[in-house]
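Asker: Starting from these lines, generate the structure:
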Amino acid sequence: QEGGRVEEKIAEEGAMVKKGDILLRLSNPDLRLSILNSEAELAKNSNFLRDTRVTMEQEKIQIKRELLNLEFDVIRKKRIFSQNLRLYKDTLISRNDFLKSKEDFEFAKRSYDLYLERQKQDSIYRTIQVKQMKENLHNMTLNLKLVRQRQESLNVKAPVDGQLTSLDVEVGQSIPKGGRLGQIDILTSYKVVAQVDEHYIDKVRVGLMAVLDRNGKKYSLRIRKILPGVRKGRFEIQMVFVNQMPE
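Answerer: Purely as a prediction, here's the structure:
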């Protein structure tokens, strides 16, 4: 599944192996470098997300402070405007002073409303930003997991139970991705071939059971294939073991 340099041969030819047993260990510096880069990028983005959240909390406090200042500014200027309104009705202040207090109050009120709108927009933007960063971190984590799985593939494992009949590699040899390394024979797929007299050709059929007596022990067989060609008065059948087979 993954190319690399043969570092160690764990199993030898002729050995019986189980599915998942490690046969070879490969090394791949490029793959290792890719993992390190992915880990570094993931750590960098994790730190950036943490710093962004800290900055957001600091900005929230700053915005609350600004809103508080604007709120009290509105209260003060509203009080001044109300006082000047009564004074102006009694002609105790000039029209210019009255209009100035009115404009100051309206400016303070609109500034407060505008800052509230800015706070709302900033909150939406920050929420979207954090969501995108979380999605990026999730994707990077999945990517790192896949790369690490590729590294695990450097341990070449037996795909099935059987006998390792060939392993055509040497330590130090470079193996391409998808390259053929050897062969495992699945012992349970061994068959028994028998010659039967042509007299029985119309009585023998696929699926019939048979018994093999070997060293005083009996083994059950089932006919899998019949070769109808007759040679020297005999035809050939192929049988497979049903449950147990000889060592």
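Asker: what's the offset of the helix or strand harbouring Lys64 from the middle of its chain?
Answerer: Taking DSSP states H and E as the criterion, Lys64 maps to helix 29-89. Relative to its chain's centre, helix 29-89 lies at 35 Å (C-alpha atoms, centre = their mean, to the nearest Å).
Asker: what do you get for stretch 105-120?
Answerer: Using C-alpha atoms, centre = their mean, the distance between the centre of stretch 105-120 and that of its chain works out at 47 Å.
Asker: Which elements pack onto the helix holding Lys64?
Answerer: Judged by 3 or more C-beta pairs under 8 Å, 6 or more residues apart in numbering; DSSP states H and E, helix 29-89 is in contact with helix 95-152. Where C-beta positions appear, they are placed from N, C-alpha and C, glycine not excepted.
Asker: which is the next helix or strand following the helix it packs on?
Answerer: strand 155-157.
Asker: packing partners for that following strand?
Answerer: Under the contact criterion of 3+ C-beta pairs under 8 Å, 6+ apart, strand 155-157 touches strand 22-27.
Asker: Need the contact partners of the strand it packs on.
Answerer: Residues outside strand 22-27 that contact it (C-beta atoms under 8 Å, 6 or more residues apart in numbering): 2-11, 17, 154-158, 164, 167, 169, 175, 181-182.
Asker: Equivalent analysis for stretch 224-231, please.
Answerer: Lys191, Glu198, Ile201, Val204, Arg205, Val206, Phe235, Glu236, Ile237, Gln238, Met239, Val240.
Asker: cutoff 10 Å now
Answerer: 191-193, 195-198, 201, 204-208, 235-240 (C-beta atoms under 10 Å, 6 or more residues apart in numbering).
Asker: List buried residues within the contacts of strand 22-27.
Answerer: 2-4, 6, 11, 17, 154, 156-158, 164, 167, 169, 175, 181 (16 or more other C-beta atoms under 10 Å).
Asker: Could you pick out which of the residues you listed are located in strands?
Answerer: Among the buried ones among the contacts of strand 22-27, DSSP state E puts Gly4, Val6, Val17, Val156, Lys157, Leu164, Leu167, Ile175 in strands.
Asker: got TSV for those residues, with distance to Glu57 and pLDDT too?
Answerer: Below are those laid out as TSV (distance: C-beta to C-beta, whole Å; pLDDT from 0 to 100):
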residue	distance to Glu57	pLDDT
Gly4	47	88
Val6	53	90
Val17	57	91
Val156	50	91
Lys157	49	91
Leu164	60	91
Leu167	60	88
Ile175	52	86
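Asker: Closest to Lys131 out of those residues?
Answerer: Among those, Gly4 lies closest to Lys131 (C-beta to C-beta), at 38.9 Å.
Asker: what's around Gly172, how many residues?
Answerer: A total of 8 residues lie near Gly172 under the criterion other C-beta atoms under 10 Å.
Asker: Pick out the residue closest to the middle of the chain.
Answerer: Leu142 (3.7 Å; C-alpha atoms, centre = their mean).
Asker: Much appreciated, bye for now.
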